[in-house]
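J.: Generate a structure from the sequence data that follows.
(one chain, ligands or ions: 2)
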Amino acid sequence: EAIEYIKRVDLLIKRLLQVLMKRLNVKDIDKMMERLLMGATRLHFNYYPKCPNPELTAGVGRHSDISTITILLQDDSGGLYVRREGSEFDSWIHVPPATDALVINIGDVLQIMSNGLYKSVEHRALPNKNRSRISIPTFVSPEPDALIGPQPQVLETGEKPTYKQVLYLDYFNHFFSKPPDGKKVIEFAKILLSQINVIWLSEVLVVKEKNFTLLPPCIIST
Ligand SMILES: O=C(O)CCC(=O)C(=O)O
Ligand SMILES: [Fe+2]
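T.: Numbering: from 1, shown residues only. Ligands and ions are numbered 1, 2, ... in the order given. Presented below is the predicted three-dimensional model:
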């Protein structure tokens, strides 16, 4: 049954990625792109024993997944919450379990690759008071040695990159080096304003010294 599930989910993953990448002007998912998007897919089995006081337990703390996408199969007990985007105060929406339905999360890798067009979803999971819960997420992720960054097709229009190229293994290790803390992890791949200023200032200095015309600004990832 598990193998059959994996086979079917694999087809679903490929179909979903095709649609999602089309929006980024990536029309063909070749072998290289496949390794970048789904080179290392992992299945986790989460068990939450019942707990008399769920609000006092950590459960799975607030985080976004460091995957490209996550396909989540949950049982019918409930306990997954997503953060309402843009709310000033913490506001969580319960994701009710639906029969024969899967939950699809956008992960950080897709946010980075799309230069922020797609947004990874912040979520958390709490145990139940009266019964245990099982969830089975499939994390669709790049190979450890893949470089993740905004795709050239996304930047074709002249859009400035918000994220730099990072090794997926470094991103992965960074995520697991700290307790979960919302969407802070993605800052690891962000191009910082100070980095842009330094590059811009150095261009101005070159112009002043040599009387050259200003080169088009380029953002170098460090
Ligand atoms: O148990 C759930 O519903 C979510 C678990 C989760 O977010 C995770 O394992 O990353
Ligand atoms: Fe998660």
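J.: okay, CA-based contacts and neighbour counts for the rest of this
T.: Will do.
J.: helices and strands around the lengthiest strand in the chain, which ones?
T.: Looking across the chain with DSSP state E, the single longest strand is strand 133-141. Packing partners of strand 133-141 (3 or more C-alpha pairs under 8 Å, 6 or more residues apart in numbering; DSSP states H and E): helix 31-38, strand 40-43, strand 46-48, strand 69-74.
J.: Mean pLDDT for these - can I get that in a markdown table?
T.: Formatted as a markdown table, those follow (pLDDT from 0 to 100):
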| stretch | mean pLDDT |
| --- | --- |
| helix 31-38 | 95 |
| strand 40-43 | 92 |
| strand 46-48 | 95 |
| strand 69-74 | 97 |
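J.: among the ones you listed, which is the most enclosed?
T.: strand 69-74 (a mean of 22; mean count of other C-alpha atoms under 10 Å).
J.: Which among the helices and strands packed on strand 133-141 is found nearest to K129?
T.: In terms of C-alpha to C-alpha, the element of those nearest to K129 is strand 46-48, at 10.5 Å.
J.: Touching the closest one from outside, list them.
T.: Outside strand 46-48, the residues within contact range by C-alpha atoms under 8 Å, 6 or more residues apart in numbering are G59, L126, P127, N128, S132, R133, I134, S135, I136.
J.: Ligand 1 contacts on this structure?
T.: Within the chain, the positions adjacent to ligand 1 are D65, L80, R124, A125, S135 by C-alpha under 6 Å from any ligand atom.
J.: In strands, which of these appear?
T.: L80, R124, A125, S135.
J.: In JSON lines, list those residues along with distance to P142 and pLDDT.
T.: Converted to JSON lines, these look like this (distance: C-alpha to C-alpha, whole Å; pLDDT from 0 to 100):
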{"residue": "L80", "distance to P142": "25", "pLDDT": "96"}
{"residue": "R124", "distance to P142": "23", "pLDDT": "95"}
{"residue": "A125", "distance to P142": "24", "pLDDT": "95"}
{"residue": "S135", "distance to P142": "22", "pLDDT": "97"}
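J.: now the strands: where do they sit in this protein?
T.: Under DSSP E, the chain gives strands at 40-43, 46-48, 60-63, 69-74, 80-83, 92-94, 103-106, 123-125, 133-141, 147-148, 166-167.
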